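>>> Got a predicted model here, sequence first, then my questions.
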Amino acid sequence: MSAILALEAKMAKETLVPADDRSDTFTTEPATPAPEARVAKDTLTITDNRTGRTFDFKIEHGTVRALDFRQIKTHDDDFGLMLYDPGFGNTAHCKSAITFIDGEKGILRYRGYPIDQLAENCSFLETSYLIIYGELPTKEQLDQWVFDITHHTFVHENVKKFMDGFRYNAHPMGVFISTLAALSTFYPEAKQIGDASCRKHQVHRLIAKTPTIAAFAFRHMRGMPYVYPDNDLSYAGNFLNMLFRVTEPKYEPNPVLERALDVLFILHADHEQNCSAAAMRGIGSSHADPYCAMAGAAAALYGPLHGGANEKVLSMLREIGDVKAIPEYIKRVKNKEVRLMGFGHRVYKNYDPRARIIKKIADDVFEVTGRNPLLDVALELERIALEDDYFVSHKLYPNVDFYSGIIYQAMGFPVELFPVLFAIGRSPGWLAQWEEMLDDPDQRIARPRQIFLGVNERDFVPMEQRK
Ligand code: CMC
């Protein structure tokens with residue numbers, strides 16, 4: 001028996017006592033009392049109509065434990081009832097204290113602080129500290145944190161050689177993901193995931209080096225020499241320096257663009273249990289080192305339904321090209337030929353609060369860069385979609401990616417870099433989720449179940465008898 005099966009069997013024995021053995025909690029009689037006698041209890045009573053047996057399950061934090069259902073069996077050899085939830089639409093896989101989202105009300109908070117207050121008042125590094133340590137830093141804590149991050153921005157020279165090996169037109173997200181994984185070989189001590197101070201060191205390195213790797217991937221794509229980090233500059237300012245510096249002896253970032261980029265990073269810093277955070281936790285649950293886990297999280301982010309969406313928004317806006325073509329495009333969306341990229345969200349069934357903040361940043365950025373002509377298409381598309389029955393009834397609103405791409409493009413980033421920018425911003429979120437998972441005694445290796453619908457046992461067929 002594998003270790004995980006043995007552990008599950010042990011848990012089942014300890015916590016899931018069959019109804020007949022725990023007559024105080026589980027009964028085989030119908031448990032519904034007369035309405036006047038009903039007293040509120042934090043339990044869920046379930047009757048299995050196949051057997052007539054009734055079970056009481058504890059409700060805690062608005063959830064029941066999925067493993068409790070395994071005691072619902074038709075006979076002794078029955079594996080027990082499982083819950084079927086593809087895409088984890090209604091499954092809490094962890095307890096978390098990092099990010100709160102109320103999708104119906106359009107609320108997003110990091111550690112209790114509303115996203116708009118953080119975007120207004122904090123820097124990205126201050127927000128990262130909050131997300132990772134749970135509290136806003138004091139002045140001394142912030143100074144130390146900024147120092148620690150700033151002094152880990154360089155990468156080993158061999159990383160450059162390794163990156164040189166990629167084809168001239170390599171997508172920077174592929175380069176970014178591979179290089180993150182490669183860092184695991186430079187820092188083998190990162191495998192000591194149980195050592196808090198070692199973990200802290202890797203957190204510094206990962207937050208510090210992601211912009212350097214991203215910028216090198218961009219310069220490689222452009223065929224330009226790599227620019228080393230400038231530790232006099234801010235996190236976002238230095239990133240702009242590594243991306244865009246050419247011959248100037250000292251790069252001076254435009255303060256409006258520097259702040260806009262910093263705020264965009266804040267808006268992407270965490271988003272509770274999304275696809276990439278779940279990947280980070282899932283990979284981390286096998287005790288892989290954080291470089292490999294974060295490479296996996298970044299790979300999950302790359303897909304067009306997640307962090308790759310802003311790239312797709314821009315191609316969509318280009319394809320539409322003109323406000324006159326919008327009604328025809330909306331028709332195609334409603335016929336389900338295409339999706340309206342940058343619209344819809346698994347959790348937000350109201351306006352994504354990040355999209356609201358981004359729309360404001362757009363004005364500041366366009367004052368410096370000039371107006372992106374695609375903005376008119378985007379604004380009109382949003383207006384028409386929000387009045388249309390299909391979008392209203394499906395609760396489809398603009399998400400964070402609808403406007404971010406237009407801003408990034410105006411700032412001079414090529415579309416291929418968009419998911420990489422998302423990944424830089426999301427790094428503190430991934431790391432906080434990873435550390436929270438490691439510190440949670442409830443967590444075990446991630447190992448979902450399946451409903452097996454394949455062929456049952458059959459005998460091997462020799463080649464000459466196969467049809
Ligand atoms: N355009 C048109 N119809 C849509 C869209 C869309 N963007 N999104 C969902 N729908 C429809 C879908 O066709 C389905 O309709 P019906 O019930 O009639 O069959 C219904 O809405 C539910 O769709 P779903 O795919 O079951 O919803 P989901 O919660 O699984 O998907 C989503 C969420 C974000 C993947 C999806 O809305 C989508 O594909 N959006 C476009 C891609 C995008 O912008 N992604 C970025 C998300 S925000 C950044 C991030 O956190 O990564």
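Looks like it arrived, so ask away.
>>> pLDDT at the residue of the stretch 351-467 of the chain found nearest the ligand, what is it?
Going by C-beta to the nearest ligand atom, the ligand is nearest to Asn399 of the stretch 351-467 of the chain, at 3.9 Å. Backbone N, C-alpha and C define where each C-beta goes, glycine included. The model reports Asn399 with a pLDDT of 88.
>>> Quick check, it in contact with Arg346.
No - between Asn399 and Arg346 there is no contact under C-beta atoms under 8 Å: 9.9 Å.
>>> how's the protein carved up into domains?
Using automatic domain parsing, the domain ranges for the chain come out as 2-84, 109-305+418-439, 310-408.
>>> then stretch 290-305 to PDB, C-alphas only?
Only the C-alpha atoms of stretch 290-305 are listed here, as PDB (Å, rounded to 0.1, in the frame of the first residue of the first chain):
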ATOM      1  CA  PRO A 290      10.300  26.700  -4.600                       C
ATOM      2  CA  TYR A 291      12.000  27.300  -7.900                       C
ATOM      3  CA  CYS A 292      10.500  24.200  -9.500                       C
ATOM      4  CA  ALA A 293       7.100  24.900  -7.800                       C
ATOM      5  CA  MET A 294       7.100  28.500  -9.100                       C
ATOM      6  CA  ALA A 295       8.100  27.400 -12.600                       C
ATOM      7  CA  GLY A 296       5.000  25.100 -12.500                       C
ATOM      8  CA  ALA A 297       2.900  28.000 -11.200                       C
ATOM      9  CA  ALA A 298       4.200  30.200 -14.000                       C
ATOM     10  CA  ALA A 299       3.400  27.500 -16.600                       C
ATOM     11  CA  ALA A 300      -0.200  27.300 -15.300                       C
ATOM     12  CA  LEU A 301      -0.400  31.100 -15.600                       C
ATOM     13  CA  TYR A 302       0.800  31.000 -19.200                       C
ATOM     14  CA  GLY A 303      -2.500  29.600 -20.600                       C
ATOM     15  CA  PRO A 304      -4.900  31.900 -22.500                       C
ATOM     16  CA  LEU A 305      -7.700  31.300 -20.000                       C
END
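>>> Just checking it against the ligand, any contact.
Yes - looking at stretch 290-305 against the ligand by C-beta under 6 Å from any ligand atom, the contacts come from Leu305.
>>> residues of stretch 91-99 that come out buried?
His93, Cys94, Ser96, Ile98, Thr99 (16 or more other C-beta atoms under 10 Å).
>>> repeat for stretch 356-369
Ile357, Ile358, Lys359, Ile361, Ala362, Val365, Thr369.
>>> For it, output the C-alpha coordinates as PDB.
The C-alpha trace of stretch 356-369 is given here as PDB (Å, rounded to 0.1, in the frame of the first residue of the first chain):
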ATOM      1  CA  ARG A 356     -11.700  49.600 -12.300                       C
ATOM      2  CA  ILE A 357      -8.300  50.700 -11.000                       C
ATOM      3  CA  ILE A 358      -6.500  49.800 -14.200                       C
ATOM      4  CA  LYS A 359      -8.900  52.000 -16.200                       C
ATOM      5  CA  LYS A 360      -7.800  54.900 -14.100                       C
ATOM      6  CA  ILE A 361      -4.100  54.100 -14.600                       C
ATOM      7  CA  ALA A 362      -4.700  54.100 -18.300                       C
ATOM      8  CA  ASP A 363      -5.400  57.900 -18.300                       C
ATOM      9  CA  ASP A 364      -2.100  58.700 -16.500                       C
ATOM     10  CA  VAL A 365      -0.100  56.400 -18.900                       C
ATOM     11  CA  PHE A 366      -1.700  57.700 -22.100                       C
ATOM     12  CA  GLU A 367      -0.900  61.300 -21.000                       C
ATOM     13  CA  VAL A 368       2.800  60.300 -21.300                       C
ATOM     14  CA  THR A 369       2.700  57.800 -24.100                       C
END
